[in-house]
Each structure stands twice: as structure tokens, then as C-alpha cells.
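# Sequence and predicted structure are below.
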Amino acid sequence: MNIGIVKERYSRIKNQPRRKLEKDFHYSTYSFLMLLIFGGGAGGLLYWFDPLVAPEALATIFGGLLGAGVLMALFPLWTIQVVALFLVLGLMGGYGRIQYPPAYMLAGLGVLLSASVQLVFHWDKVVVLRFGRFRRVRDAGIFILLPIIDRIADFVDTRIRVTDFSAERTLTRDNVPVHIDALCFWMIWDAGKAILEVENYIEAVTLSAQTALRDAIGKNDLAKLLSEREDVGRDIQQILDAKTSPWGISILSVEFTDILIPKELEDAMSRKAQAERERQARIILGTAEAEVASKFEEASRAYVDNPAALQLRAMNMVYEGMKYNKNSLMLLPSSALESMNMGTLLGAAAFQKQNDPEKSGKENTDD
């Protein structure tokens, strides 16, 4: 088949699966420690069978076991373990020590058991396959894998996870292009389903969240996305949770972190908001003026049939004007002064002003 045709066919597929190293077991620090213990036991047996064993032979055996451990840590496959086993046995046979079966068996047992003992942390669960079929889900602790028969499908972290995703330049229902960044909080409640029902559950959750977000943007107006983002996020969470529950995954919440709109639209919305605030301010001022006019009208009706009260009110207004604005000039119609008998009032004010020594002295100085 033409290579160009193959490349063109696969270039149409987005999110192609990444190459991932298959693992049959997890080779940890505890595995190296176990390998060291068995290697020490095998060396001790050799020395017990032959006290004159050469130190170079022991060093070669320990080096072979260490190399086998490194090889299994890099490539944790049962095939590699068999190769490592033959490597160790070949080194022992090369030095002519294979005639001591107990040491031979102890070294081989170390290679086998070092890869079989598995440690699971508190937050992990392990899916175990036997002859390629689902066997069980192991919880936290230590367990033994049967060499070559059992294999670990994967370690599954059951803690709450957070995945960020986005929808770029997606049109809302009122045809506004927006860019939305969001976070999705989720967790795995059934490790077996997460491994057996979907190939890559992390990628499946991320792509499903992006699809649900784009669908929600297209169904809502920009105003609703901006003002009711919590409700929109809750709708996306319910849609995602219904989709991922068969995979053993629960979607806890979806939260918008940022909503970006075009700069021109942002300026127009800013001007609209300013105009709306000015309109509300003017409405408030007009309402206040109407309330004040209504109160004045109500007060005027109280003075219609009571001229004495009106005169007292007028005199009070003149007095307050003279009291708080001593350096100002107040002009009143003569008829108003006569009706209010303001001559007596102004005379009293002038008398008070003359009796104020500090004020009088200042005025004389100014003169």
C-alpha cells in the first residue's frame, strides 16, 4: 500500500491514540530489595558449598541480578523477565557454579518473585487479568501475581481529579463567537469499568467535556452564558455524568474559569452598561424631584388658610439665610418686609452684629 495514502488517511483522524508501553507488572524499589535479598542468599549458598569461590564470581552474579532488575524496571513484561532469568542463569553457568542447584534455584526464584510482589498505595486500585480475562480488582496493600499467567491492566487513581478544557471560537445561539475555558472535577468509582469499558478514560472525559461545552454554548445566548454560568455548568455536569457513569466515572462539577468575547463587542457592551447606569441615575433623580414637589404641594395646602403660619415660615427662611450666609446680600420686596415686619428683625440683627467685638474690630481694620 502506498505510504502517502496511509498518511493521508490517518491525518484525517484527530486525537490519534498515543503509543504507550505495555506493562505486565510494576517493578518498584521493593522489587529491587527482594532481588538483593535473594541474590545475597544465592551468594551465601555458593560460599557455603565452596568456601574458595572467587570474589569475581560473586560480583558477576550480583551484577547479573542488578542488570536483570534494571531491565525489568525499564520493560516490565513477562517476556523480559524470562530473558533476565536466562541472563542470570547464563552468568552462573559461565562461572561453572551451576552444579550447585540450590543456589541456582534461589537466584531464579529471586528474579521471578521480585516481579510478582506488587504494592498498591491507599488511593490506587489495580485491575488484574488472568489468561487475558478480567480476574479481580485489588485494593491497597501487597499481593502476588502469578508469573506469566497474571498481568496488571493498569493502576487506577481513585482520588478526585481536575481536567481543564476549552471551546475555541464557538457561536452562541445569538451568533456571537466566544472562547470559554472550564474545569471539570471527576473521579473513578469503579476501576474495573474504567479500564474495561473505555480505552483511555482521561481522553474520553476531556473530549466528552469539550463536546458538551460546545453544545451548551450553541444552545444558550451570550447574556445567559455571562450571567448564569453556574446553571450552564450544572447542565453540562449532568450531561457528562450520564455519559460517563457506564464507564465507572462520576462527574462532580463543571466550572467556567474564563469567557472571552470579541474586543468590539466588549466595548459595545461596556458603553451599553454605562448608558443603562446613566438612565437609572436620571430615573432616580426624576423620582426624587417628583416626591419633593409632592411634599411641597402638601405643605402649601397647610398654609392656604393660615397666613400667620405662612408669615412665620417666611420670616424663618429669611432668618436662616442671614444666619448661615452672614457676608451675603439678601434682597426682598418692600411689601414682603412690611408684611413680615422685617424692620424689627433686621434691626435686631444689626444690633447683634455691632455687639460682636471680634467682628467689628475686623471690619474696622479692613476699613
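Noted; the coordinates are in hand.

# For stretch 39-59, list every residue counted as buried.
G39, G41, A42, G43, L45, L46, V53, A57, L58 (16 or more other Cβ atoms under 10 Å). Yep, even glycine has a C-beta here, placed from its N, CA and C like the rest.

# try stretch 134-151
Neighbour-count burial for stretch 134-151 [16+ other Cβ under 10 Å]: R135, V137, R138, L145, P147, D150, R151.

# Which members of these are the farthest-apart pair?
Within the buried residues of stretch 134-151, V137 and P147 form the most distant pair, 20.5 Å apart (Cβ to Cβ).

# where in the chain is pLDDT low?
Counting by pLDDT under 70, the ranges of the chain that qualify are 1-19, 53, 92-100, 324-328, 334-367.

# secondary structure class for the residue nearest the centre of it?
When Cα atoms, centre = their mean is applied to the chain, the residue found nearest the centroid is L183 (4.9 Å). Here L183 takes the strand state, with states given by DSSP: H, G, I helix; E, B strand; the rest coil.

# my guess is it meets V254, correct?
Yes. Between L183 and V254 there is a contact under Cβ atoms under 8 Å: 7.2 Å.

# Excluding covalently adjacent residues, which one is nearest to I142?
The shortest distance from I142 to any non-neighbouring residue, by Cβ to Cβ, 6 or more residues apart in numbering, is to L119 (5.5 Å).

# The host helix or strand of M315: which residues count as buried?
If you go by DSSP states H and E, M315 is part of helix 307-324. Across helix 307-324, burial judged by 16+ other Cβ under 10 Å covers L310, A314, M315, V318.

# do the same with stretch 272-292
Result for stretch 272-292 [16+ other Cβ under 10 Å]: no buried residues.

# just to revisit the earlier point, can you report how many residues neighbour the residue nearest to I142?
For L119, the count of nearby residues is 15 (other Cβ atoms under 10 Å).

# I figured it hits L33, correct?
No. Judged on Cβ under 8 Å, L119 makes no contact with L33 at a distance of 11.0 Å.

# so how many other residues sit close to Y30?
So Y30, with other Cβ under 10 Å, has 14 neighbours.

# didn't it look like it was pressed against V120?
No. Under the criterion of Cβ under 8 Å, Y30 makes no contact with V120, lying 11.5 Å away.

# Off-centre distance for the helix or strand where L113 lies?
Using DSSP H and E, L113 falls within helix 101-116. Relative to the chain's own centre, helix 101-116 is displaced by 48 Å; criterion: Cα atoms, centre = their mean, to the nearest Å.

# For the stretch 51-200 of the chain, which segments count as helices?
55-74, 78-94, 101-116, 191-196 (DSSP state H, counting those that start in this stretch).

# Make JSON lines from those helices and add distance to Q210 to it.
As requested, those are exported to JSON lines (distance: least, Cβ to Cβ, whole Å):
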{"stretch": "helix 55-74", "distance to Q210": "35"}
{"stretch": "helix 78-94", "distance to Q210": "38"}
{"stretch": "helix 101-116", "distance to Q210": "39"}
{"stretch": "helix 191-196", "distance to Q210": "19"}
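
# do you know which of the ones you listed lies nearest E297?
Comparing the helices of the stretch 51-200 of the chain under Cβ to Cβ, the one sitting nearest is helix 191-196, at 76.5 Å.

# Tell me which residues are up against the closest one.
125-127, 134, 137, 153-154, 156, 158, 188, 201, 246-249 (Cβ atoms under 8 Å, 6 or more residues apart in numbering).

# That one: what's the following helix or strand?
Sequence-wise, the next helix or strand downstream of helix 191-196 (DSSP H and E) is helix 201-219.
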